[in-house]
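Engineer: test case, fold it:
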Amino acid sequence: DFDFSAVPEGMPVACDASANLGSFALDVSKFGVLYAASHKNFSTAGICYSIIRKDLITEATQLRRMPTMCNWVTFQNAPNKIYNVPVLVSVWLG
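Structural biologist: A predicted model of the protein is given here:
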C-alpha cells in the first residue's frame, strides 16, 4: 500500500503495476499514470497496458524530442486511438 498523503498536492503519481495488476482491486483514479507489462499476470509477453489521466496527454506535457512510441499525444490523436498495429494474438489472449 502506498501512502498518498506523502505526495505533494497536484503531483501525478506513476505506478508500475506489472507484479500485481489483476491480483487485487486497485483504485486507478489515484494515479496519473499506471502501466503494467502483461507477462506477469495477463496475456503473453509483449503487451504493455497503460492507463494515463487525460490531463497528462497534452502537447505541453510532452518533451520536444520524445520518441514516437513514447509520445502519448501521438497515440491519443491517432485514428481510432491506434497508432500502430498491435500484436493481435497477445491482445486477444489478454
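Engineer: how about the strands in the protein?
Structural biologist: Secondary structure of the chain by DSSP state E: the strands cover 14-16, 33-37, 48-52.
Engineer: buried ones in the shortest one?
Structural biologist: Neighbour-count burial for strand 14-16, with 16 or more other Cβ atoms under 10 Å as criterion, is recorded at C15. To be clear about C-beta, it is placed using only N, CA and C from the backbone, and glycine gets the same treatment.
Engineer: neighbouring strands of it in the sheet, and parallel or not?
Structural biologist: Sheet pairing for strand 14-16, assigned by DSSP bridges, gives strand 33-37 (parallel).
Engineer: for the partner strand, give the mean pLDDT please.
Structural biologist: Looking at strand 33-37 alone, the average pLDDT works out to 87.
Engineer: that strand: which residues count as buried?
Structural biologist: V33, L34, Y35, A36, A37.
Engineer: thinking again about what came up before, kindly reformat the strands of the chain as CSV containing distance to P67.
Structural biologist: Putting these into CSV (distance: least, Cβ to Cβ, whole Å) gives the following:
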stretch, distance to P67
strand 14-16, 18
strand 33-37, 16
strand 48-52, 15
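Engineer: of these, which is nearest T74?
Structural biologist: T74 lies closest, by Cβ to Cβ, to one member of those: strand 48-52, at 12.5 Å.
Engineer: which helices and strands sit right next to the closest one?
Structural biologist: Applying 3 or more Cβ pairs under 8 Å, 6 or more residues apart in numbering; DSSP states H and E, we find strand 48-52 packed against strand 33-37.
Engineer: on that earlier part again, nearest to N20, of the buried residues of strand 33-37?
Structural biologist: Out of the buried residues of strand 33-37, the member with the shortest distance to N20 (by Cβ to Cβ) is A36, at 8.4 Å.
Engineer: quick check: the closest one touching S18?
Structural biologist: Yes: using Cβ atoms under 8 Å, A36 makes contact with S18 at a distance of 4.7 Å.
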